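Student: give me coordinates for this.
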Amino acid sequence: MRRSGEMTLGLFLVQAGYNEAAWRDPSVPVNGGVDIEHYTNLAALAESAAFHFVFLPDSPSVVEQDLTSLARVSRNDGFEPITLLSALSSRTQHVGLVGTATTTYQQPYNLARMFASLDHLSRGRSAWNIVTSGNKFEAPNFGDEQLPDHDTRYIRAREFVKVVKGLWDTWEDDAFVRDKQSGIFADIRKLHRLNHRGNYLSVRGPLNIARPPQGYPVLVQAGASDAGIAFAAEFAEVVFTATPSLEHGKQYYTTLKEKARACGREEDHVLVMPGIVPIVGRTKKEASEKLQRLQSYTHIDVLIAEADRWLGLVTDLRSLDLDSLVPQTLPQTNFIQSRQKLLLDLAARQKFTWRQLIRLVSDSRGHLFVVGTPDEIADVMVDTFDQRAADGFNLLPVTVPGELKDFVELVVPELRRRGKFRSRYSGQTLRENLGLMRPPNQFA
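Tutor: The predicted structure is shown next:
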């Protein structure tokens, strides 16, 4: 694929919205996390606007470490991603379905089978967002006292992905002849048993489902540490990242594309899609009032707990003077290292106090944050795209369905007027719609 003049768009699909206090907004369904009709409505909105995919984040644990913040957030009442996306596959026709699953606390055979099943159910619209776990509370749910160290998680992930791809290639595309007359269902000459024995994994195979319609579900990744970028350059086809400014975005984009070329890949086979948190109003004043109203819903306990988590759980903000300046460095975290660095760099450039940084984390988590009119939001997106800081964006609406509707009704038409976003789907599979090649079977 060669980069076209049109950007890609995904929808980050959370039950209430990207802001932690979104569930308190009167327009947000309070039980959305366990309401299939709510998710169906959001996916339908994305599909009506020709979004490339919906993206489900996940952590197999509660992420809050204190009960005061746990009591005030809505994220701990939601569906497991593959289950939900399987349901949505029958309620949508075109939009891609991206599910998050960890290589640290999954088994490759089960995961390969689940994503192959989702790809068949959706007729080629599935994608796997590969994560290595970044939350310390996941470990005790799987019999560990603590997460493996950061780099070890990526080493295991590299082996894990190779195993999963090998399992997806168990059967050649035409292996299942299903010939009633001859009585032959599968051509065993086109069967390839994996027999993998590695440093972390031992998997015999073969997989008991036909090769996915896309060959492989699209591979998505969100790492931005040195290890994460190296992993993305080797494996990822879509990269979801946080780039809060044009300068930061251009630097990340250039670095990732260069590393992908060094891995022998075409740079256009790796799509960089940073997150964007837009708050759109018909006037600047209306957009600002939306933000102020949302901020008024957020309790200080939630603000502090969220900032502590994104900074890697290496400090106790409750014990600090929140009006003091943020230091340039903190102890290195074993969790999301890239986000800690990004937030500290932002604070240093802006000379933030702890209170200001806490507010920024609540508003955007370090993603591109735009509050304004449809023209102003489109200006930022088009400039970021044209200056090669992004191939597209993963939309993070602060509330749903309200802010998603406003973006679809107000910003998407402006992007189309400028020739920067499509008006309909161009292919049947997610790969076709993203302009990505279908991988050949490595054993054929």
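Student: in the chain, which spans are strands?
Tutor: For the chain, the strands defined by DSSP state E occupy 8-12, 53-56, 96-102, 126-131, 176-179, 184-186, 196-197, 202-203, 218-221, 238-241, 271-280, 368-372, 392-395.
Student: closest one to residue 160 among the ones you listed?
Tutor: Residue 160 sits nearest to strand 126-131 of all those, at 8.3 Å, using C-beta to C-beta. For the C-beta atoms, the positions are set from N, CA and C on the backbone; glycine is no exception.
Student: for the longest helix along the chain, the distance to its chain's centre please.
Tutor: Taking DSSP state H as the criterion, the chain has its longest helix at helix 150-168. Centroid separation for helix 150-168 versus its chain: 18 Å, with C-alpha atoms, centre = their mean, to the nearest Å.
Student: for it, give the mean pLDDT please.
Tutor: Mean per-residue pLDDT for helix 150-168: 97.
Student: all numbers from here: first residue = 96
Tutor: Yep, numbering from 96; the last one is helix 245-263 now.
Student: that older thread, can I get the strands of the chain in a markdown table with mean neighbour count and mean pLDDT?
Tutor: Formatted as a markdown table, the strands of the chain follow (neighbours: other C-beta atoms under 10 Å; pLDDT from 0 to 100):
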| stretch | mean neighbour count | mean pLDDT |
| --- | --- | --- |
| strand 103-107 | 25 | 98 |
| strand 148-151 | 27 | 98 |
| strand 191-197 | 25 | 98 |
| strand 221-226 | 26 | 98 |
| strand 271-274 | 11 | 97 |
| strand 279-281 | 13 | 98 |
| strand 291-292 | 12 | 98 |
| strand 297-298 | 15 | 98 |
| strand 313-316 | 26 | 98 |
| strand 333-336 | 27 | 97 |
| strand 366-375 | 25 | 98 |
| strand 463-467 | 20 | 98 |
| strand 487-490 | 26 | 98 |
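Student: save those strands as JSON lines, and put in distance to residue 518 too.
Tutor: Formatted as JSON lines, the strands of the chain follow (distance: least, C-beta to C-beta, whole Å):
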{"stretch": "strand 103-107", "distance to residue 518": "12"}
{"stretch": "strand 148-151", "distance to residue 518": "17"}
{"stretch": "strand 191-197", "distance to residue 518": "17"}
{"stretch": "strand 221-226", "distance to residue 518": "23"}
{"stretch": "strand 271-274", "distance to residue 518": "37"}
{"stretch": "strand 279-281", "distance to residue 518": "42"}
{"stretch": "strand 291-292", "distance to residue 518": "45"}
{"stretch": "strand 297-298", "distance to residue 518": "44"}
{"stretch": "strand 313-316", "distance to residue 518": "22"}
{"stretch": "strand 333-336", "distance to residue 518": "21"}
{"stretch": "strand 366-375", "distance to residue 518": "19"}
{"stretch": "strand 463-467", "distance to residue 518": "23"}
{"stretch": "strand 487-490", "distance to residue 518": "16"}
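Student: one step back: which strands and helices sit next to the longest helix of the chain?
Tutor: helix 203-216, strand 221-226, strand 297-298, helix 321-330 (3 or more C-beta pairs under 8 Å, 6 or more residues apart in numbering; DSSP states H and E).
Student: other SSEs contacting the longest one?
Tutor: Pointing back at helix 203-216 there. Against helix 203-216 (3+ C-beta pairs under 8 Å, 6+ apart) you get helix 176-184, strand 191-197, strand 221-226, helix 245-263.
Student: again, 6 Å this time
Tutor: Helices and strands touching helix 203-216, by 3 or more C-beta pairs under 6 Å, 6 or more residues apart in numbering; DSSP states H and E, are helix 176-184, strand 221-226, helix 245-263.
Student: and it, what's buried?
Tutor: Neighbour-count burial for helix 203-216 flags 203-204, 206-216 (criterion: 16 or more other C-beta atoms under 10 Å).
Student: ok, residues contacting that helix?
Tutor: Around helix 203-216, the neighbours that count as contacts under C-beta atoms under 6 Å, 6 or more residues apart in numbering are 177, 180-181, 184, 196, 221, 223, 255, 258-259, 262-263, 298, 302, 304, 307-309, 312.
Student: wait, what's in contact with residue 140?
Tutor: 499, 503.
Student: quick check: closest non-adjacent residue to residue 322.
Tutor: Leaving aside its chain neighbours, residue 322 sits nearest to residue 249 (4.2 Å; criterion: C-beta to C-beta, 6 or more residues apart in numbering).
Student: again, but for residue 139
Tutor: Using C-beta to C-beta, 6+ apart and skipping residues adjacent in sequence, the residue nearest residue 139 is residue 187, 7.1 Å away.
Student: how many neighbouring residues does the one you found have?
Tutor: 19 (other C-beta atoms under 10 Å).
Student: separation between residue 353 and residue 333?
Tutor: Per C-beta to C-beta, to the nearest Å, residue 353 is found 18 Å from residue 333.
Student: should've said residue 469
Tutor: Look at residue 469 and residue 333: by C-beta to C-beta, they are 26 Å apart.
Student: export the helices and strands packed on helix 245-263 to TSV and tack on distance to residue 444?
Tutor: Compiled in TSV, the helices and strands packed on helix 245-263 are given as follows (distance: least, C-beta to C-beta, whole Å):
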stretch	distance to residue 444
helix 203-216	40
strand 221-226	28
strand 297-298	46
helix 321-330	21
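Student: mean pLDDT lowest for which of those?
Tutor: Lowest mean pLDDT of the helices and strands packed on helix 245-263: helix 321-330, a mean of 95.
Student: now do the buried residues in that helix.
Tutor: Applying 16+ other C-beta under 10 Å to helix 321-330 flags 322-330 as buried.
Student: centre of the chain to that helix, how far?
Tutor: With C-alpha atoms, centre = their mean, you get 15 Å for helix 321-330.
Student: if you count contacts, what does that helix end up packed against?
Tutor: Packed against helix 321-330, as judged by 3+ C-beta pairs under 6 Å, 6+ apart, are the following elements: helix 245-263, helix 341-357.
Student: residue 473: which of the ones you listed is closest?
Tutor: helix 341-357 (14.8 Å).
Student: and the closest one, what does it pack against?
Tutor: Where contact means 3+ C-beta pairs under 6 Å, 6+ apart, helix 341-357 is packed against helix 321-330.
Student: now the angle between helix 341-357 and the helix it packs on, please.
Tutor: 50 degrees (axes from the mean of the first three to the mean of the last three C-alpha atoms, to 10 degrees).
Student: what's helix 321-330 in contact with?
Tutor: 246, 249, 256, 314, 316, 318, 334, 351, 354-355, 358.
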